[in-house]
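> coordinates for the following, if possible.
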Amino acid sequence: MKLCVIEGDGIGREVVPAAVCVLRQVLPQIEVLPAEAGWDKFQETGDALPAETIEIANEAGAVLFGACSSPSYPVPGYSSPIVKLRRAMETYANLRPTRFLPVPTAREGVDLVVVRENTEDLYIGDETTADAGDTGTATKRITRYATERITHTAFRLALNEGRRRVTIVHKGNVLPQTDGLFRRVAYEVAKDYPEIETDEFLVDTAAYWMVKEPARFDIVLTPNLYGDILSDMAAAWGGGLGLAPALNLGDDVAVAEPVHGSAPDIAGQGIANPTAVILSASMLVRHHWKQPAIADRIDAAVKAALSRGDYTADILGVDGMSTDDFADIICDQLG
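As a prediction, this is how the structure comes out:
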């Protein structure tokens, strides 16, 4: 059982070791293979995702990725390493659950999963500039193959978790050749799962209901960009980005990563919340290594700690326990 560990940038270097400690508590046989990626790696070497890191990730088949800092302006030779890694490993399904956790910022009754297509849409990175940099153009690509694949993933997840509904999110009224294709193919696949209810929302309407009444959602099926945005919106109801896990799944490969970023404003202070990474590691255990009982133990330990008020500073906006202290509490419960 091998695990490629990429701490990345910023708080990734603090929260990932905490999650690895938790994993070793329940799965001591794990062989950790460290690797490097991120903005800092790019600045050091000119390569944000070295070929060696991709080789290690493919050798392990399972990756725990912390966070990366990506500038919001063009940098020659740089592209997001996590997006590139997802594509290199063909992890075509991004699962982002939001479930109520016992913290003051969460909302009772919320239990949803955003299932996001992970390989195409605007995130293929096909961008050009013209007119001396005054015009930017990006290609949006949606294919039948990728849409069929992600739709089957969403409905199988619904069956496995005893869920009742899959909601297709798109903007087919404005983008009929791309989002319209996504909608049409998703409905075709849905016919294979008559026991699961299927409905749909335009993405702007979905955003409205995600804010107003998130408990109405069960599984949300989306193209890449919309899933990225809607899952961050949903995370607010689960307690915030510091508690929001994610898992990228492919055929016999997986990349676990928190939804949050590298948080450079608090990096190095030892106060970052490791919950999102710990729960992401739990998803890896559940969906990739197929050990749900162990994943249940990790999830229960986190919930018990939060129920007691064992908070890091981000939960209440005041002084809280350190990253390592919270991880130690989880490990003690699992010991």
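> any buried residues in stretch 189-199, and which?
Buried residues in stretch 189-199, defined by neighbour count with 16 or more other CB atoms under 10 Å: 189-190, 193, 196, 198. Where you see a C-beta, it was placed from the backbone N, CA and C, and this is true even at glycine.
> the residues you listed in strands, which ones?
Counting by DSSP state E, these place residue 198 in strands.
> domain map for the chain?
Per the record, the chain has its domains at 1-91+239-335, 107-237, by automatic domain parsing.
> deepest-packed of the ones you listed, please.
domain 1-91+239-335 (a mean of 19; mean count of other CB atoms under 10 Å).
> can you give me how far that domain is from the chain middle?
Mean C-alpha position of domain 1-91+239-335 versus that of the full chain (CA atoms, centre = their mean, to the nearest Å) differs by 10 Å.
> residues contacting residue 182?
Going by CB atoms under 8 Å, 6 or more residues apart in numbering, residue 182 touches 117, 142, 147, 168, 170, 172, 223.
> state the distance from the fifth one to residue 227.
So the one you mean is residue 170. 11 Å (CB to CB, to the nearest Å).
> follow-up on the earlier one: and the buried residues of stretch 189-199 as TSV, adding distance to residue 271 and pLDDT?
Shown next, in TSV, are those (distance: CB to CB, whole Å; pLDDT from 0 to 100):
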residue	distance to residue 271	pLDDT
189	44	98
190	45	98
193	44	98
196	42	98
198	43	98
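> and the two most separated of the buried residues of stretch 189-199?
189 and 196 (10.8 Å; CB to CB).
> return the residues in contact with residue 216.
Contacts of residue 216 by CB under 8 Å, 6+ apart are residue 209.
> got the phi and psi for it?
phi -70, psi -20 (degrees, to the nearest 10).
> ok so, going back, joint contacts of residue 189 and residue 196?
residue 155.
> tell me which stretches of the stretch 1-150 of the chain form strands.
Per DSSP state E, counting those that start in this stretch, the stretch 1-150 of the chain carries strands over the ranges 2-8, 31-35, 62-67, 93-99, 111-117, 127-130, 135-138.
> just the closest of the buried residues of stretch 189-199 to residue 35, please.
Each of those was checked against residue 35 using CB to CB; the closest is residue 189, at 35.3 Å.
> hang on, the closest one packs against residue 150?
No - Residue 189 is beyond contact range of residue 150, at 9.2 Å (criterion: CB atoms under 8 Å).
> on that earlier part again, what's the most distant pair in the contacts of residue 182?
Within the contacts of residue 182, 117 and 172 form the most distant pair, 14.6 Å apart (CB to CB).
> picking that back up, now the buried residues of stretch 189-199 in a markdown table, with distance to residue 84?
Listed next are the buried residues of stretch 189-199 as a markdown table, based on distance: CB to CB, whole Å:
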| residue | distance to residue 84 |
| --- | --- |
| 189 | 28 |
| 190 | 31 |
| 193 | 33 |
| 196 | 33 |
| 198 | 33 |
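> show me which of the buried residues of stretch 189-199 is closest to residue 205.
Nearest member of those to residue 205, counting by CB to CB, is residue 198, at 16.0 Å.
> who does the closest one bridge with?
When bridges are called by DSSP bridges, residue 198 pairs up with residue 166.
> which ones are touching it?
165-168, 186-187, 190.
> and it, how far from residue 116?
Counting by CB to CB, the gap from residue 198 to residue 116 is 17 Å.
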